[in-house]
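Asker: Sequence unavailable; structure follows:
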């Protein structure tokens, strides 16, 4: 089973410049001296008209996986208690087609309403080609979307499908610039040219936006030169910052739109960012993301249950303190169930600042107002 990086079954496994733009608003770099220490400040503010208990704010950051077409009583209860702010759907969740998926999503949203909680973000990997959880658009893979117009049209068709079943976040498109035949991404990438990828990825983003579905540019700061899939392997991309930033074109073009998320890579970039996965590294959020997008987009992790991440102690805490907004647990329901109370204990003990959590929750609420049905 895979998270935001690709497929969830054997078939999917097999298929499986850098100058600072003007007026960039960067998050302040953290002053902490240890991996687990919280940052001193954050750039976002939490408006006074959106007070939220920190336990509820933390729950908004959790995106949970579950197995099968019937959510467990435990997951439903966690949604009612406000410990889950979003869910991710895989093929085993949607085996009954459109009607079954619509009923499933309606039932999950009903639990949120029963608990007087905000509507859920409901995410799915619907990239195209082999990487589709639901049958239907986009039928072509990214490499076959040969223009911005065709990519935009596919994005619109995809949004119509997803909205028809209640899905409001597509974990697509892939914004990675392929290095060629050695890249593990294969046909999932739009091409080997940063400008071509930017044109077509942002066309797809525009189509999704027109249909009322949030898009996700992935996998920042880039997996185009990776030869191994981060969902299965600990992946290290040993390129310098100049080479890495060469491929930021898609993020510059459409990475800071209100309904566009950015998925953070679980690969490590030792020359550019240091030895740890990008999603655990503060410089990814404080320096590279503002440089790439010119803003402060909502961020979601790639799967926090992948080998690169689970090799580290307290990865969820580290990701939040580094700057992550949405924590994606994409393999097991138990992972998100275990993570929430540990993170809440970290907040109450001061290992994660409450302000950092409320900052993310406010940004998530902004997105939900734009794409989630009440």
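Answerer: That came in fine, so what should we check first? All values reported here derive from a predicted model rather than from experimental measurement. Numbers count the residues shown, from 1 in each chain.
Asker: Where do the strands of the stretch 251-374 of the chain begin and end?
Answerer: Taking DSSP state E, counting those that start in this stretch as the test, the strands found in the stretch 251-374 of the chain are 260-264, 268-269, 274-277, 299-301, 327-328.
Asker: tell me which element residue 151 is part of?
Answerer: Here residue 151, judged by DSSP states H and E, is contained in helix 148-165.
Asker: Now that helix: buried residues?
Answerer: Residues of helix 148-165 classed as buried under the neighbour-count rule (16 or more other C-beta atoms under 10 Å) are 148, 150-163, 165. Bear in mind the C-beta positions are built from the backbone N, C-alpha and C, glycine included.
Asker: ok, the spatially most central residue of the chain to residue 93 distance?
Answerer: Nearest to the mean C-alpha position of the chain, by C-alpha atoms, centre = their mean, lies residue 300 at 3.2 Å. To residue 93, residue 300 is 18 Å away according to C-beta to C-beta, to the nearest Å.
Asker: just residue 191 next, same as before
Answerer: For residue 191 relative to residue 93 (C-beta to C-beta), the value is 31 Å.
Asker: residues in contact with the closest residue in space to residue 233 that isn't next to it in sequence?
Answerer: Take residue 233 and drop its neighbours on the chain: the residue closest to it by C-beta to C-beta, 6 or more residues apart in numbering is residue 307, 6.5 Å away. Residue 307 sits next to 232-234 when contact means C-beta atoms under 8 Å, 6 or more residues apart in numbering.
Asker: tell me the pLDDT at residue 307?
Answerer: pLDDT for residue 307: 92.
Asker: what do you get for residue 52?
Answerer: 86.
Asker: can you give me phi and psi for residue 218?
Answerer: When read as degrees, to the nearest 10, the backbone of residue 218 gives phi -140, psi 150.
Asker: returning to what we had before: neighbour count: residue 191 and residue 93, which is higher?
Answerer: residue 93 (24 against 19; other C-beta atoms under 10 Å).
Asker: what's the burial count for the residue lying closest to residue 252 once chain neighbours are set aside?
Answerer: Spatial nearest neighbour of residue 252, chain neighbours left out: residue 292 (6.3 Å); criterion: C-beta to C-beta, 6+ apart. By other C-beta under 10 Å, the residues close to residue 292 number 29.
Asker: Can you verify my assumption that residue 292 contacts residue 254?
Answerer: No. Residue 292 is beyond contact range of residue 254, at 11.1 Å (criterion: C-beta atoms under 8 Å).
Asker: So which bits of stretch 349-368 are buried?
Answerer: Neighbour count says stretch 349-368 has 351-365, 367-368 buried, by 16+ other C-beta under 10 Å.
Asker: ok, now stretch 85-95?
Answerer: Here stretch 85-95 shows 85-91, 93-94 as buried, counting by 16+ other C-beta under 10 Å.
Asker: end-to-end on stretch 211-229?
Answerer: One end of stretch 211-229 to the other measures 31 Å (C-alpha to C-alpha, to the nearest Å).
Asker: So for that stretch, mean pLDDT?
Answerer: Stretch 211-229 comes out at a mean pLDDT of 94.
Asker: Tell me the gap between that stretch and the middle of its chain.
Answerer: 9 Å (C-alpha atoms, centre = their mean, to the nearest Å).
Asker: which of the residues in it are buried?
Answerer: 211-226, 229.
Asker: and what of stretch 309-317?
Answerer: 309, 314-317.
Asker: Run through who's touching that stretch.
Answerer: With C-beta under 8 Å, 6+ apart as the criterion, stretch 309-317 contacts 36, 234, 266, 276-277, 279-280, 301, 303-304, 318, 327, 339, 342-343, 346, 351-352.
Asker: Who are the contact partners of the residue nearest to the residue nearest to the centre of the chain when sequence neighbours are not counted?
Answerer: Closest residue to residue 300 apart from its sequence neighbours, by C-beta to C-beta, 6+ apart: residue 326 at 3.9 Å. By C-beta under 8 Å, 6+ apart, the contact list for residue 326 reads 61, 63, 85-86, 121, 261, 298-301, 360, 364.
Asker: Next, format those residues as TSV and append pLDDT.
Answerer: Listed next are those as TSV, based on pLDDT from 0 to 100:
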residue	pLDDT
61	98
63	98
85	98
86	98
121	98
261	98
298	98
299	98
300	98
301	98
360	98
364	98
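Asker: Which of the strands of the stretch 251-374 of the chain sits closest to residue 117?
Answerer: For the strands of the stretch 251-374 of the chain, proximity to residue 117 was assessed by C-beta to C-beta; strand 327-328 is nearest, at 17.0 Å.
Asker: packing partners for that closest one?
Answerer: strand 62-64, strand 299-301, helix 315-322 (3 or more C-beta pairs under 8 Å, 6 or more residues apart in numbering; DSSP states H and E).
Asker: if we go to 6 Å?
Answerer: strand 299-301 (3 or more C-beta pairs under 6 Å, 6 or more residues apart in numbering; DSSP states H and E).
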